[in-house]
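Got a predicted structure plus its sequence, pasted below:
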Amino acid sequence: MPMVRTGDFECWYTDDYFGPAWHEPEVVVIQAGFGRNGEYWRHWVPGLSGDFRVLRRDMRAHGGSSAGAPTHEWSPEGLADEVAWFLDALSLDRVHYIGESVGGITGIVLGARHADRFHSITLVQTPLHLRPVGDLMRGSYESWSGAIRDLGPGAWTTQNMSPEDPRTAWEREQWDRCDTEALCRLADATPAVDVTSYVKEMRVPTLVLAPTESPLTPLADQLYLRTTIPGAELELFEGLGHTVYQDEPERCIGRFRRFVEHRRAL
């Protein structure tokens, strides 16, 4: 798979387009969240890549991307800058961006600080801040990072999954592709994350795909995104938690397509 230098690390990505070779399709960049990588979005590719060039990008220390400097300090602004550098490295002027969870947080900052680089931004199960996440994730450990460091990323994320489920082994393998120490530093940085102030600055057409039952994305936050971002559209997923892009991919893809077509017609 392709790699490109982004700042101080090598960024891994996939590049899929299966439409007519003589077309110049619009580009969709998909950004997975904490601990996850582009493989979590493989099932979206068939529904998009006939009309769009689909790039699934791994953020630093995730999946196939390297961790970069051991002194790296995580921040939403840094994550957004790295996406912009990724676009520069591939000579991409404007793209559609789909970001999930931390990838959605990155999308909010992108929409405020790099608006001219995006046709649209889709925020999937995106929280505004991460203050409560550490307490939810640490279990019996003193900290979230302590749990990840002791168990390992894969064992931590699958500790409550059935060992007989074939998905369990796959999930563990994907999370174990993360750089453990870099992931721990990201976990430690989460209490300071709050992108609420950037929402009012967003000037990119925005679609919000919002579960109603995720403990990480309160419905009030999703409604705030809808009412604060000019022209934003909201799709609610009743009764679903923090995996809507996996639970209802066809509905998500269809809603994204309708959103893009609507914006083109304006």
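That came through, no problem.

which residues touch L130?
I105, T190, P191, V193, D194, L216 (C-beta atoms under 8 Å, 6 or more residues apart in numbering). All C-beta spots, glycine's among them, are computed from the backbone N, C-alpha and C.

next one: R149
T180, E181, C184.

would you put the C-alpha positions of the lowest-mean-pLDDT helix or strand in the chain in CSV?
Lowest by mean pLDDT, DSSP states H and E among the helices and strands of the chain is helix 133-137, with a mean of 83. Only the C-alpha atoms of helix 133-137 are listed here, as CSV (Å, rounded to 0.1, in the frame of the first residue of the first chain):
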residue,chain,number,x,y,z
VAL,A,133,-13.5,9.3,28.1
GLY,A,134,-10.6,8.3,30.4
ASP,A,135,-12.9,7.3,33.2
LEU,A,136,-15.1,5.3,30.8
MET,A,137,-12.1,3.4,29.3
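
Which elements pack onto that helix?
helix 144-151 (3 or more C-beta pairs under 8 Å, 6 or more residues apart in numbering; DSSP states H and E).

Which is the succeeding secondary structure element to the helix it packs on?
Scanning forward in sequence from helix 144-151 by DSSP states H and E, the next helix or strand is helix 153-158.

neighbouring contacts of that following helix?
Taking C-beta under 8 Å, 6+ apart as the rule, helix 153-158 contacts 35, 147-148, 168, 171-176, 178, 180, 183.

What's the first helix or strand after that helix?
By DSSP H and E, the next helix or strand past helix 153-158 is helix 166-175.

mind listing what's buried in that next one?
T168, E171, R172, Q174, W175 (16 or more other C-beta atoms under 10 Å).

one step back: from the contacts of L130, which land in strands?
Of the contacts of L130, none are assigned to strands by DSSP state E.

Reformat the residues you listed as CSV; add distance to G19.
Listed next are the contacts of L130 as CSV, based on distance: C-beta to C-beta, whole Å:
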residue, distance to G19
I105, 31
T190, 39
P191, 44
V193, 37
D194, 40
L216, 35
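
List buried members of those residues by neighbour count.
I105, T190, V193, L216.

how's this structure carved up into domains?
Listed domain ranges for the chain are 3-130+193-265, 134-191 (source: automatic domain parsing).

Could you say which of the ones you listed is packed most deeply?
For these, average neighbour numbers computed from mean count of other C-beta atoms under 10 Å are highest in domain 3-130+193-265, which has a mean of 19.

How far does that domain sit from its chain's centre?
5 Å (C-alpha atoms, centre = their mean, to the nearest Å).

so for it, what's the average pLDDT?
Averaging pLDDT along domain 3-130+193-265 yields 96.

And the helices in the stretch 101-250 of the chain?
Listed in chain order, the helices found in the stretch 101-250 of the chain under DSSP state H, counting those that start in this stretch are 102-113, 133-137, 144-151, 153-158, 166-175, 180-189, 196-199, 219-228, 244-247, 249-265.

Nearest to G50, out of those?
Closest of those to G50 is helix 249-265, at 10.9 Å (criterion: C-beta to C-beta).

give me every residue that touches the spatially closest residue to E26 that is not a sequence neighbour.
Once flanking residues are discounted, E26 sits nearest to F52: 5.7 Å by C-beta to C-beta, 6 or more residues apart in numbering. Residues near F52 by C-beta under 8 Å, 6+ apart: Y17, P25, E26, V27, V28, H96.

List just the nearest of those to A265.
Taking C-beta to C-beta as the measure, A265 lies nearest E26 of those, at 14.8 Å.

Test my guess that the closest one contacts H96.
Yes: here E26 lies in contact with H96, judged by C-beta atoms under 8 Å, at a distance of 6.4 Å.

Can you pull the residues that touch both of these two?
Shared contacts of E26 and H96, counting by C-beta under 8 Å, 6+ apart, come down to F52, H119.

coming back round to it: any chance of the helices of the stretch 101-250 of the chain in TSV, plus distance to L90?
Listed next are those as TSV, based on distance: least, C-beta to C-beta, whole Å:
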stretch	distance to L90
helix 102-113	15
helix 133-137	31
helix 144-151	31
helix 153-158	28
helix 166-175	24
helix 180-189	23
helix 196-199	24
helix 219-228	28
helix 244-247	23
helix 249-265	20
